[in-house]
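Peer 1: sequence below, structure please.
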Amino acid sequence: MTLKNCPNCGARLMEDASEILKERQDGGVEVNAFSAYVCEKNCGYIKRIEPVPKIIAQQGDDRLLLLYPNEQGRILELRDSVIWPSMHVQSILARGYWEDYTGNHDVMLLLEKARDSESAYLTPPNLFRFATSELSQDAFLCWLLSWSQKGYRDHDKALYNVAVDFVSTIFSAHQLSAPPIHSIKILKQFKSLDVLAIINNEYAILIEDKTYTKNHSNQLVRYREAVSKDYPNLIQLPIYFKIADQSHYRSVESAGYFPFTRKMMLNIMEKGKDVQNSIFVDYLRHLQSIELQVSAFWSTPVSEWDAFAWQGFYQELQKEITGDWGYVSNPRGGFWGFWWGKEENKRYYFQLEENKLCVKVVAKEGENRRELRERTMKEILLRSDKEGFSLQKPAHTGSGKTMTVTEKLDYIVMNDAGLIDIKSTIEGLKRF
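Peer 2: Below you'll find the model as predicted:
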């Protein structure tokens, strides 16, 4: 029976038989015969015909047990379209609660879509896992901006639409309507500015691109002044592009830049479902990976939180408690902290050091720091006992300008699975 064409020479494939000869150690020959598709012109192409398995059992609506020759069985996960390695069918039946199969699935169609378990859960290599520098991200932004020029619409309509949406969002952020883009000139590292895009010789998009760093030394203002000097007639649209997170953007906004966050970029790129370009897809998956890590605090036990999860938790706190967060370095290795109350009370404030809540006191110039620490500690512990805050003396006391006077090691409320109860945790922190 003719099935399809040979991938080597294009001739027809025919259903036939083939065999493998294997020499044994005793000098004999072992013959392994099997059904196969062979090339009609005998070019050497052979493809083994795998036997069609039978579905003999199921676990709910998500798992099927397939029976192969020689009593071999394989589990097929329908939800993820994953098939697991073969083992003796009785061994599989003995390890689970299987029911008689009552469905009418097309086995060949299911197998055609199924992925082998060895590769199904591997994350494909991503270009931006290796291209981690801000220069690499600069290159991506320049590349995407280039696609917004009207002439590229016929080359890749889906990618063009995403690029136009990106540019339009930048215009909207500055309360302007984006014009049709007839020309775009892109300059990298213009007077140290990461990206300068000149559109229709009328507008200048300034992009200061940050990954895990922050703006510093009045650099944002300097970049705007440099662009104004060389292009005084262009309307400036400055953005501060940030794929990681930071506590606030006060200095960014005061310099006239619009914070363009990871979530904003995801909203734009996820509309491009029809984009097949591998560079675009890799960058989208890169941003999605960061987003998953930041939101992991919702679904990961507190004991397993990494830096991204703590950042996500602190951002959630900021919705209810006015405070700032960031990385605090110290000789013991540093931590991600969240602090609040400095404005309300200049003598002491509160700081989360990941799993630990600390009450800090700030000494005035020339003040006896030891006396201040002991007196404040006594006052706060008395108040803690009265209010039921369960604060305690710190494990380590210091004598610097800012000192920890009391701490609490169990401020995070968790359920039986070790996941955070965010509502109860925030309510508890608000009591302070």
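Peer 1: quick check: nearest residue in space to L317, chain neighbours excluded?
Peer 2: Leaving aside its chain neighbours, L317 sits nearest to F338 (6.0 Å; criterion: Cβ to Cβ, 6 or more residues apart in numbering). (C-beta placed from N, C-alpha, C; glycine too.)
Peer 1: low-scoring pLDDT stretches of the stretch 301-432 of the chain, where are they?
Peer 2: Residues of the stretch 301-432 of the chain that meet the criterion pLDDT under 70 lie in 344-346.
Peer 1: all helices of this structure, in order?
Peer 2: 89-94, 107-113, 117-120, 127-130, 134-146, 157-173, 219-230, 250-254, 262-269, 278-294, 307-318, 369-387, 422-430 (DSSP state H).
Peer 1: for L372, give its distance to A363.
Peer 2: Taking Cβ to Cβ, to the nearest Å as the measure, L372 falls 5 Å from A363.
Peer 1: between these two, which contacts overlap?
Peer 2: Counting by Cβ atoms under 8 Å, 6 or more residues apart in numbering, the shared contacts of L372 and A363 are M403.
Peer 1: and this structure, what are its domain boundaries?
Peer 2: Under the assignment automatic domain parsing, the domains of the chain span 2-48, 54-120, 129-290, 299-430.
Peer 1: tabulate those domains (a markdown table), appending mean neighbour count.
Peer 2: A markdown table is the format used below for those (neighbours: other Cβ atoms under 10 Å):
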| stretch | mean neighbour count |
| --- | --- |
| domain 2-48 | 12 |
| domain 54-120 | 14 |
| domain 129-290 | 17 |
| domain 299-430 | 15 |
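Peer 1: rebuild the helices of the chain as TSV, extending it with distance to E343.
Peer 2: Formatted as TSV, those follow (distance: least, Cβ to Cβ, whole Å):
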stretch	distance to E343
helix 89-94	64
helix 107-113	58
helix 117-120	52
helix 127-130	39
helix 134-146	33
helix 157-173	29
helix 219-230	25
helix 250-254	14
helix 262-269	28
helix 278-294	27
helix 307-318	15
helix 369-387	18
helix 422-430	16
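Peer 1: right, and these - which one's nearest K47?
Peer 2: helix 107-113 (14.7 Å; Cβ to Cβ).
Peer 1: any chance you could list what contacts the closest one?
Peer 2: 52-55, 64, 66, 76, 78, 81, 83.
Peer 1: how about those residues, which pair is most distant?
Peer 2: Most distant of these, by Cβ to Cβ, are K54 and S81, 19.1 Å apart.
Peer 1: excluding chain neighbours, what is closest to the spatially most central residue of the chain?
Peer 2: Among the residues of the chain, the one closest to the centroid is S289, at 1.7 Å (Cα atoms, centre = their mean). Of all residues not flanking S289 in the chain, N126 sits nearest, at 7.7 Å (Cβ to Cβ, 6+ apart).
Peer 1: local confidence estimate at that neighbour?
Peer 2: Per-residue pLDDT puts N126 at 89.
Peer 1: go ahead and confirm it touches R285.
Peer 2: Yes: counting by Cβ atoms under 8 Å, N126 touches R285, with 5.9 Å between them.
Peer 1: which one of the contacts of helix 107-113 is nearest H396?
Peer 2: Closest to H396, out of all of the contacts of helix 107-113 and judged by Cβ to Cβ, is S81, at 53.7 Å.
Peer 1: returning to what we had before: the residue nearest to S289 - how many residues pack around it?
Peer 2: Using other Cβ atoms under 10 Å, N126 has 15 other residues around it.
Peer 1: re the thing from before, how about the helices of the chain, which one is nearest K185?
Peer 2: Comparing those by Cβ to Cβ, helix 134-146 comes nearest, at 10.0 Å.
Peer 1: elements contacting that closest one?
Peer 2: helix 127-130, helix 157-173, strand 184-190, strand 193-199, strand 203-210, helix 278-294 (3 or more Cβ pairs under 8 Å, 6 or more residues apart in numbering; DSSP states H and E).
Peer 1: please redo it, this time with the cut-off set to 10 Å
Peer 2: Judged by 3 or more Cβ pairs under 10 Å, 6 or more residues apart in numbering; DSSP states H and E, the packing partners of helix 134-146 are helix 127-130, helix 157-173, strand 184-190, strand 193-199, strand 203-210, strand 235-242, helix 262-269, helix 278-294.
Peer 1: so which of those gets nearest K342?
Peer 2: Closest among the helices and strands packed on helix 134-146, using Cβ to Cβ: strand 235-242, at 24.4 Å.
Peer 1: ok, for V252, nearest residue in space, not its chain neighbours?
Peer 2: According to Cβ to Cβ, 6+ apart, the nearest residue to V252 is Y240 (4.6 Å).
Peer 1: on the pLDDT front, check that neighbour for me.
Peer 2: With respect to pLDDT, Y240 has a value of 97.
Peer 1: try the one 10 residues further on
Peer 2: Listed pLDDT for R250 reads 94.
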